[in-house]
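>>> Please work out how this folds:
(one chain, ligands or ions: 1)
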Amino acid sequence: MKGYRVAVVGVTGEVGKTFLKVLQERNFPVRELVPIASARSRGKKVVFRGEEYEVRALEDFDSFKGIDLALFSAGGSTSKEWAPKFAADGAVVVDNSSAWRMDPKVPLVVPEVNPDDVKWHDGIIANPNCSTIQMVVALKPIYDEAGVKNVVVSTYQAVSGAGAKAVADLLRQTVAFVEELKKRGLSEEDVSPEALEELFKDLPPAEKFPHQIAFNALPHIDRFFDDGYTREENKMLFETRKIMHDESINVSATCVRVPVFYGHSESVSIETEREISPERAREVLRRAPGVVVVDDPSKNEYPLPIRAAGRDEVFVGRIRKDRVFNPGLSMWVVADNIRKGAATNAVQIAELLIKYGLI
Ligand code: NAP
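Okay, here's the model as predicted:
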């Protein structure tokens, strides 16, 4: 079969598993799959297009020659060490970690926003942070129509953004909560802050979060800097500027982890350069690639993470005039963080490479 030899590094993780689904769904021309994870997963099986493949560890390879494309989602330190080795052996790496995103020699690409940046790659292309991707897909049509000066964004991020163990944390704590309720014979009438506090004490601790994640909201994603912002919040500023090719855009973000399994939501308030009505914004967003407008509050229709889960588009709704920014708009933006926020965006980048004859 004609096609490409594709390595998926981190194939056993949340993003890696979705890579396999997305490659299959989009009929990506994979001639041969090379599934890779850590030594812990050596010998495990993954299924792709109905065929079983054995997972190998990175250390098992003497060379990566013959691999055309490597889709990486195995964490920053793995990418830092191994992506250059794949690139040196002739593969193009599309990397999901934060390791290369701000490197001036590495393009940071969202195909709906800056597709041509893939053309100047030197072996590695970075996939932006999931929260940034969905925001810029929704911002770009507004930017083209009315300019964007300032953005204030608050995120409501799903646990799957922190990997498979974080999904397990939410599930385990939720199940334990229900079991404790039953064990203590508590019903609706018994629910009170005091009763819940007692019950929460007996939940299993989260492995991936500093606090309980079930029935909670954590304004803390990635590490804090001295100015009080987190690394995740800074990514939303610096990655947006790089993708949009506009160093003048300001983004003030508050990133929050919520007990949702799949799908990040964002409240986005935008100060535009020029006046743009909500009606016009809806019109340009409807025409924008990769965007679905869901905006009929009279019917309770607005984007929801449970509806966005498993989908590749970015959903935008609650589009209205902002009350503080003038001219400005507010909107609610939702997308599947593992698909458009990671695997789908990376596979779209690989499709661009084929389109431009770069692999
Ligand atoms: P995950 O569920 O925890 O999976 C991590 C994967 O990396 C597993 O397959 C793991 O293999 C593998 N891995 C870990 N250490 C490794 C090593 N030393 N060598 C080879 N493989 C190794 O995490 P995830 O949610 O899929 O995220 C993976 C990466 O994607 C992270 O860097 C994350 O930040 C990034 N991510 C990016 C986006 C985005 O770009 N927008 C969105 C979500 C996640 P084992 O199973 O063998 O341990």
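>>> give the contact list for the residue of the chain found nearest the ligand.
Nearest residue of the chain to the ligand: Gly13, at 2.0 Å (C-beta to the nearest ligand atom). Backbone N, C-alpha and C define where each C-beta goes, glycine included. Applying C-beta atoms under 8 Å, 6 or more residues apart in numbering to Gly13 gives the contacts Ala37, Ser73, Ala74, Gly163, Ala164.
>>> unless I'm mixing things up, the second one is touching Phe19, no?
This points to Ser73. Yes. Shown here, Ser73 and Phe19 form a contact pair, counting by C-beta atoms under 8 Å, at 6.9 Å.
>>> Find residues that contact each of those two.
Common neighbours of Ser73 and Phe19 (C-beta under 8 Å, 6+ apart) are Val8, Ala343, Ala346.
>>> got a list of contacts for whichever strand or helix holds the last one?
Using DSSP states H and E, Ala346 sits within helix 344-355. Helix 344-355 is touched from outside by 6, 18-19, 22-23, 26, 28-29, 69, 71, 73, 92, 94, 96, 109-111, 115, 118, 125, 127-128, 133, 312, 336, 358-359, with contacts defined as C-beta under 8 Å, 6+ apart.
>>> What of stretch 38-57?
Contacts of stretch 38-57 (C-beta under 8 Å, 6+ apart): 11-12, 17, 20, 23-24, 30, 33-37, 58-60, 74.
>>> Mind listing what's buried along stretch 78-88?
Thr78, Ser79, Trp82, Ala83, Phe86, Ala87 (16 or more other C-beta atoms under 10 Å).
>>> avg pLDDT for stretch 313-332?
Averaged over stretch 313-332, pLDDT sits at 98.
>>> same question but for stretch 221-238, I mixed them up
98.
>>> In that stretch, which residues have enough neighbours to count as buried?
Those would be Ile221, Tyr229, Thr230, Glu232, Glu233, Asn234, Lys235, Met236, Leu237, Phe238, for stretch 221-238 by 16+ other C-beta under 10 Å.
>>> re the thing from before, can you name the two of the contacts of stretch 38-57 that sit furthest apart?
Gln24 and Glu59 (27.6 Å; C-beta to C-beta).
>>> Quick check on those two: which one has the bigger neighbour count.
More crowded of Gln24 and Glu59, by other C-beta atoms under 10 Å: Gln24, with 15 against 10.
>>> related to what we said a few turns ago, just the buried ones among the contacts of helix 344-355, please.
By neighbour count, with 16+ other C-beta under 10 Å, the contacts of helix 344-355 hold 6, 18-19, 22-23, 28, 69, 71, 73, 92, 94, 96, 109-111, 115, 118, 125, 127-128, 133, 312, 336 as buried.
>>> ok, the closest residue to Val34 other than its chain neighbours - contacts?
With C-beta to C-beta, 6 or more residues apart in numbering as the criterion, Val34 has its nearest non-adjacent residue at 4.1 Å, and that residue is Ala7. Each residue near Ala7 by C-beta under 8 Å, 6+ apart is listed here: Leu33, Val34, Pro35, Ile36, Phe64, Ile67, Leu69, Ala70, Leu71, Phe86, Ala91.
>>> Of those, which count as buried by neighbour count?
For the contacts of Ala7, buried by 16+ other C-beta under 10 Å: Leu33, Val34, Pro35, Ile36, Phe64, Ile67, Leu69, Ala70, Leu71, Phe86, Ala91.
>>> Appreciated, that's everything.
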